[in-house]
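**Q** Requesting a structural model of the entry that follows:
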Amino acid sequence: MMISLRKSLRLQSSKAVLLVLLLVLAAIGAAPGYLSGKWRWSEPPKVATLSQLTKLRQVGLQIPGWQVIDRKTPQVGEHKWLMQEITNANKDKAIVLLFPQKGNREQPEVEWSDVNGFQNWETDSDRSVDFTVKNPATKVTAQFFRGLTKRQRGSAQETRRQTYAVLQWYAWSTGGHPAPSQWFFADRAAQWQNRRIPWVAVSILVPIEPLDTIEQHWSEVESLAQTIQSTLMSSVLRP
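**A** Model (predicted):
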């Protein structure tokens, strides 16, 4: 009985020590906000590159090795996106849709279904892919699929259905991912250092033949994605 009581006391003592340790860690984390009179979560730090993000929406993105042949700002769901049609020296063509962060409190809650609905697509071959950029070495995860425009019912003349290899992700300074939750964790970690993680939603469309698989075009899509991620990181995602 005495042994059992001692074990119980030791267990309770260990729990008490752990609780005190957690309270101390929480107090240390909250101290900067408490001393300044501002709680970090109620008033997060400002996004340092907000002006660059605003300029990106206004003038577009210059992508090395590619020339912009048309630029529009279509309404996609509840947001206006920047849409650029681009071509390179080999006469390859692509469409790039960008939605930069607009405000300090705006989170990447863009529904990819809005983009897909805007394009009037049927999709297949969906999968998750990774690519990396250099200087600094950064890993990005994106969603990769084939988009096929639907036939227009009741039209006097049926237009040719267009097929695309599509890549989508949220780009930020230390990586990228199609899931907003991944940005959320990165941004919360940065806020403890009084920083923010700005973001840009990216959707790349590369025209392909209707019977082509997206794997046939991965190297082309990956190269363009790496260039866009690297350009964003060096221009609007880092202060």
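**Q** Quick check, pLDDT for W112.
**A** The per-residue pLDDT reported for W112 equals 89.
**Q** And for M233?
**A** So M233 comes in at 96 (pLDDT).
**Q** for it, helix, strand, or coil?
**A** Using DSSP: H, G, I helix; E, B strand; the rest coil, the structure places M233 in helix.
**Q** what about it, distance to P136?
**A** Going from M233 to P136 by Cβ to Cβ, to the nearest Å gives 8 Å. Heads up, the C-betas are built off the backbone N, CA and C, glycines and all.
**Q** neighbour count winner among those two?
**A** M233 (21 against 9; other Cβ atoms under 10 Å).
**Q** in this protein, which ranges drop under the pLDDT threshold?
**A** Flagging of the chain using pLDDT under 70 yields the residue ranges 1-42, 151-160.
**Q** Domains in this structure, by residue range?
**A** The record's domain parsing of the chain by automatic domain parsing lists 1-43, 50-235.
**Q** Most tightly packed of the ones you listed?
**A** domain 50-235 (a mean of 16; mean count of other Cβ atoms under 10 Å).
**Q** Could you tell me the end-to-end distance of that one?
**A** This stretch, domain 50-235, spans 12 Å end to end (Cα to Cα, to the nearest Å).
**Q** got it, and stretch 110-124?
**A** Using Cα to Cα, first and last residues of stretch 110-124 are 21 Å apart.
**Q** Could you do stretch 69-85 as well?
**A** End residues of stretch 69-85 are separated by 6 Å (Cα to Cα).
**Q** Mind listing the residues bridging to S203?
**A** In this structure, S203 bridges to L97, Q168 when assessed by DSSP bridges.
**Q** Provide a list of residues in contact with it.
**A** Counting by Cβ atoms under 8 Å, 6 or more residues apart in numbering, S203 makes contact with 96-98, 112, 115, 166-168.
**Q** From Y170, how far off is it?
**A** Taking Cβ to Cβ, one finds S203 at 10 Å from Y170.
**Q** Repeat that for H79.
**A** For H79, the distance to Y170 - Cβ to Cβ - is 14 Å.
**Q** between those two, what contacts are shared?
**A** Common neighbours of H79 and Y170 (Cβ under 8 Å, 6+ apart) are V110.
**Q** where along the chain do the helices fall?
**A** 2-36, 50-59, 112-119, 180-191, 218-235 (DSSP state H).
**Q** Determine which two of the contacts of S203 are furthest apart.
**A** Pairwise distances across the contacts of S203 (Cβ to Cβ) peak at 15.1 Å, for the pair V96 and W112.
**Q** Excluding residues flanking it in the chain, which one is nearest the residue nearest the centre of the chain?
**A** In the chain, the residue lying closest to the centroid (Cα atoms, centre = their mean) is Y170, at 0.9 Å. In space, not counting the residues next to it along the chain, Y170 is nearest to P108; the distance is 4.7 Å by Cβ to Cβ, 6 or more residues apart in numbering.
**Q** Can you verify my assumption that the one you found contacts S181?
**A** No: in this structure, P108 is not within contact of S181 by Cβ atoms under 8 Å, at 9.5 Å.
**Q** Spell out which residues are contacts of both of these two.
**A** Shared contacts of P108 and S181 (Cβ under 8 Å, 6+ apart): none.
**Q** quick revisit: check contacts around the residue nearest to Y170.
**A** Here P108 is in contact with 101, 170, 180, 183, 199, 201 (Cβ under 8 Å, 6+ apart).
**Q** Also L224?
**A** 63, 66, 94, 96, 204, 206.
**Q** Wait, the fourth one touches V206, no?
**A** No: at 9.9 Å, V96 does not count as touching V206 under the criterion of Cβ under 8 Å.
**Q** Next, T49: phi, psi?
**A** Main-chain dihedrals, T49, degrees, to the nearest 10: phi -110, psi 20.
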